[in-house]
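S.K.: Let's see this in three dimensions:
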Amino acid sequence: MVLKNKAVQLWARRLHIYISMALLLVVLFFAITGITLNRPHLFVSQSPNVVDQQLDIPHALLRSEKGPFSPNRSALIAYLAKHGDVSGTPSAIDIFTDVDGDELLEGEISLDYKGPGYSATVFIDMTTAQATIESTNYGVIAVLNDLHKGRNSGEVWRWFIDISALLMVLFVLTGVCLLIPKKKTFQTGMKWMGLGSVITLLIYILAVP
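M.R.: Sure, this is the predicted structure:
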């Protein structure tokens, strides 16, 4: 049988060992944050830290080639990142204007920022070119929980979760591969797997609403 081949067993053992060490902290992270997500009342972090700030926006950023009352989005986002003490991923920009001829009677720009355990709202009065920024940090536990879920964590982190999951699957499969040649141990392992599966199914049927 191919899985009993010495070369296959050698590579399975190497992969099993090295993957387990590479994923050691990753598995601990997801295990611990699984508990913090499942029992939020036991891990109440500090009250959200809300910070309000005012920021003057250069008038040049509030217009673009699209028109005198259409902001230069990329330049505005860059300015807020540099001077506004905001982080995370910015949303699309919402614009409200009330124009009489060439005169701006009223105008407001709004956008949100989202990050792990973090959010911010930005409102810009286009008549005064002043921004009001409200940033909220929800604490370390919220950051870890959002990272566990991949929430507001960016595309790179989502890829990290996907790759970690695939490596965990490979870790399990190489473990099974190592057990196959050991007939007695493999049979015992299969019994434990069957028992665990039955218990999990019963808990789901009897306990989950």
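S.K.: Next up, phi/psi of the residue of the chain positioned farthest from its centre, please.
M.R.: Here the chain reaches farthest from its C-alpha mean at residue 101, the gap being 45.4 Å by C-alpha atoms, centre = their mean. The phi and psi values for residue 101, taken as degrees, to the nearest 10, are phi 70, psi -120.
S.K.: Show the pLDDT at it.
M.R.: Residue 101 carries a pLDDT score of 75 in this model.
S.K.: for residue 22, same thing?
M.R.: pLDDT, read off for residue 22, is 90.
S.K.: That one - how many residues pack around it?
M.R.: Taking other C-beta atoms under 10 Å as the criterion, the count of residues near residue 22 is 13. All C-beta atoms are positioned from the backbone trio N, CA, C, and that covers glycine.
S.K.: got it, and residue 85?
M.R.: With other C-beta under 10 Å as criterion, residue 85 counts 13.
S.K.: I'd like to know which helix or strand in this structure has the lowest mean pLDDT.
M.R.: One helix or strand of the chain scores below all others by mean pLDDT, DSSP states H and E: strand 94-100, with a mean of 84.
S.K.: list the buried ones in it?
M.R.: Judged by neighbour count (16 or more other C-beta atoms under 10 Å), strand 94-100 contains these buried residues: 95, 97.
S.K.: do stretch 5-14 as well
M.R.: Of the residues in stretch 5-14, 8-9, 12 count as buried by neighbour count, 16+ other C-beta under 10 Å.
S.K.: now the strand or helix carrying residue 159, how far from the centre of its chain.
M.R.: Using DSSP states H and E, residue 159 falls within helix 154-179. Mean C-alpha position of helix 154-179 versus that of the full chain (C-alpha atoms, centre = their mean, to the nearest Å) differs by 18 Å.
S.K.: pretty sure residue 139 contacts residue 117?
M.R.: Yes - if you go by C-beta atoms under 8 Å, residue 139 and residue 117 touch, sitting 6.4 Å apart.
S.K.: Give me the more crowded residue out of these two.
M.R.: Neighbour totals were compared for residue 139 and residue 117, and residue 117 leads with 21 against 17 (other C-beta under 10 Å).
S.K.: For the closest residue to residue 43 other than its chain neighbours, give me its contacts.
M.R.: Once flanking residues are discounted, residue 43 sits nearest to residue 36: 4.6 Å by C-beta to C-beta, 6 or more residues apart in numbering. Listed by C-beta atoms under 8 Å, 6 or more residues apart in numbering, the contact set of residue 36 reads 42-43, 141, 144-145.
S.K.: Model confidence for residue 36, exactly?
M.R.: Per the predicted model, pLDDT is 91 at residue 36.
S.K.: hey, C-alpha coordinates of the helix or strand it falls within in PDB?
M.R.: Here residue 36 sits within helix 24-38, counting by DSSP H and E. Once non-C-alpha atoms are left out, helix 24-38 reads as follows in PDB (Å, rounded to 0.1, in the frame of the first residue of the first chain):
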ATOM      1  CA  LEU A  24       2.000  26.000  17.400                       C
ATOM      2  CA  LEU A  25       1.200  29.600  18.300                       C
ATOM      3  CA  VAL A  26      -1.400  29.900  15.500                       C
ATOM      4  CA  VAL A  27      -3.400  26.900  17.000                       C
ATOM      5  CA  LEU A  28      -3.100  28.300  20.500                       C
ATOM      6  CA  PHE A  29      -4.300  31.700  19.200                       C
ATOM      7  CA  PHE A  30      -7.400  30.300  17.600                       C
ATOM      8  CA  ALA A  31      -8.100  27.900  20.500                       C
ATOM      9  CA  ILE A  32      -7.900  30.700  23.100                       C
ATOM     10  CA  THR A  33      -9.900  33.200  21.000                       C
ATOM     11  CA  GLY A  34     -12.500  30.500  20.400                       C
ATOM     12  CA  ILE A  35     -13.100  30.500  24.200                       C
ATOM     13  CA  THR A  36     -13.200  34.300  24.400                       C
ATOM     14  CA  LEU A  37     -15.700  34.400  21.500                       C
ATOM     15  CA  ASN A  38     -17.800  31.600  23.100                       C
END
